[in-house]
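Trainee: this is a predicted model, with the sequence first.
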Amino acid sequence: MERKNEGFVKGRTNANRMKSAVKKNVKKEVGKEIKRLPRTNRKPREMAQKRENGKKSEDVVFKKNKLKIIPLGGLQEVGKNITVFEYENDIILVDCGVSFPEDDMLGIDLVIPDFTYLVKNKDRIRGLVITHGHEDHIGSIPYFLKQINVPIYATKLTVGLITNKLEEHRLTKQTKLHTVKQGDTITLGKFQVEFIKSCHSIPDAVALAIHTPVGVIVHTGDFKIDYTPINDDTMDFGRLAELGNQGVLALMSDSTNAERKGYTMSERTVGEVFDKLFINCKKRIVVATFASNVYRIQQIVNSAVANNRKIAVSGRSMVNMIETAMKLGYIDVPKNVFIDIDMIGNYTDEQLVIITTGSQGEPMSALTRMATGEHRKVHISANDLVIISATPIPGNEKFVAKVIDDLMKIGAEVVYSSLADVHVSRTCLPRGAKIDACFGQAKIFYSSAWRISSFDCA
């Protein structure tokens, strides 16, 4: 027992000694390895760089988000105007129009923008803002609302024209239409949109000052500079100049006809030409113009009243426009001047004026059907004076030329812009005259046509 105990005790002590020896050897080896590693001292310059890097990472956290401007239509094309403004989780839209089909678009009546991006982000859209009531700015609204229902903000006449479209598509009840006035400011998410009085061929046109967290965007919409406009709708240059002095991040401007020299004639000059054509005329007068050109229609009315003529209207869009404008007080006409198109047989030719659509030679328009003899109620003869009070939109030249040829084959007298000043541009000519004076310091200039990029702001 003693030997066993001694052996046991000795065995444990020997084992413990071996373990302690191993540990000491390990520590020595580790110590040697540690000693072999070179010692790195942190230099003051490296420490300063780390502090600077730390500050940069903090700055990134508090950096402002970017403003996105996305044109889904209207850039480098005529019509289909729609622009997206996006900041953080908020999106607003400006205009929602259609365009005419091109020659290769067989069987197509209207061209609308691609709403795919907006459908994917519909929960972020705070509202749709409209600059004026032309088809290339409001024509796609019903098709847009069938996919995305958002509130719409526009001036009185523009709201009236949009309402007509919503009634046709049965969207009136579910749509929120808000009427604004020139000079009003509304808040949509992180955007503040200011409506500035503008001048165009249709009443109630506005430019927009879009106030964002990163700066002010001025969106002119379509405009013209007219010092003697009908109804005294002159552009608010005072407010535009004030915005320019305060500083503008970007100017988004209509640039139609901007490369042409000279200046745009006043709309009143067309009325003077109408008076000359109407006076002492023994023929029936047919005038084709844009349905949305309310000022032009007013001047046709003035000339007709001055020469004791009754007025009939042909074309659904023209009928809707005149009814809406009269209802809202934008067309001033005496009672019993307008007659139904079915009643024209009760009057002699020299007692009649017919206002019609089809100034662009659209295949199904009223004037085109008159020229081809397919109109059910108006038959053109050699005793008709046809006035085409418009110039062809790029791409429509062939259609307009064909209508003129067909009318002349019948024997009608045709007057168009090449023969008389029966039309003035509805846009500014040139662009730089007054707008550049207001926004010469804008950092970015965005135009609807690529060839106008040479006017880029410094």
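Mentor: Nice, thanks for sending it over. A quick note: this is a predicted structure, and the numbers were derived from the prediction, not measured.

Trainee: residue 220 versus residue 108, what's the distance?
Mentor: 30 Å (CB to CB, to the nearest Å). (Glycine included, C-beta is placed from N, CA and C.)

Trainee: one more: residue 414?
Mentor: Distance from residue 414 to residue 220, by CB to CB: 35 Å.

Trainee: neighbour count: the two, which is higher?
Mentor: residue 220 (25 against 20; other CB atoms under 10 Å).

Trainee: now do the phi/psi pair for the more buried one.
Mentor: Per-residue torsions, residue 220: phi -70, psi -20 (degrees, to the nearest 10).

Trainee: which residues touch it?
Mentor: If you count contacts by CB atoms under 8 Å, 6 or more residues apart in numbering, residue 220 has them with 198, 207, 251-254, 435.

Trainee: again with residue 67
Mentor: The contact partners of residue 67, taken as CB under 8 Å, 6+ apart, are 85-87, 212-215, 217.

Trainee: and residue 118, by the same measure?
Mentor: Residue 118 touches 72, 84, 91, 93, 125, 144, 147-148, counting by CB under 8 Å, 6+ apart.

Trainee: before we move on, what about residue 138?
Mentor: Neighbouring residues of residue 138 by CB under 8 Å, 6+ apart: 95-97, 130, 158, 161-162, 165.

Trainee: now, which of those lie within helices?
Mentor: Using DSSP state H, 158, 161-162, 165 are the members of the contacts of residue 138 that sit in helices.

Trainee: top of those by number of neighbours, please.
Mentor: Of the ones in helices among the contacts of residue 138, with other CB under 10 Å as the count, residue 161 tops at 28 neighbours.

Trainee: and residue 448, what pLDDT?
Mentor: Here the pLDDT value assigned to residue 448 is 51.

Trainee: over to the one 10 residues further on?
Mentor: Residue 458 carries a pLDDT score of 30 in this model.

Trainee: returning to that earlier point: need the contacts of residue 220 in CSV (columns: distance to residue 391 and pLDDT).
Mentor: CSV is the format used below for those (distance: CB to CB, whole Å; pLDDT from 0 to 100):
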residue, distance to residue 391, pLDDT
198, 21, 91
207, 24, 94
251, 26, 88
252, 25, 88
253, 21, 82
254, 16, 71
435, 22, 56
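
Trainee: can you lay out those residues as a markdown table showing neighbour count?
Mentor: As requested, those are exported to a markdown table (neighbours: other CB atoms under 10 Å):
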| residue | neighbour count |
| --- | --- |
| 198 | 23 |
| 207 | 29 |
| 251 | 26 |
| 252 | 23 |
| 253 | 27 |
| 254 | 26 |
| 435 | 27 |
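
Trainee: which one of those residues is nearest to residue 295?
Mentor: Closest approach between those and residue 295, by CB to CB: residue 198, at 13.6 Å.

Trainee: test my guess that the closest one contacts residue 208.
Mentor: No - using CB atoms under 8 Å as the test, residue 198 is too far from residue 208 to be in contact (9.3 Å).

Trainee: got any residues that touch both of these two?
Mentor: With CB under 8 Å, 6+ apart as the test, residue 198 and residue 208 both reach 131, 221.
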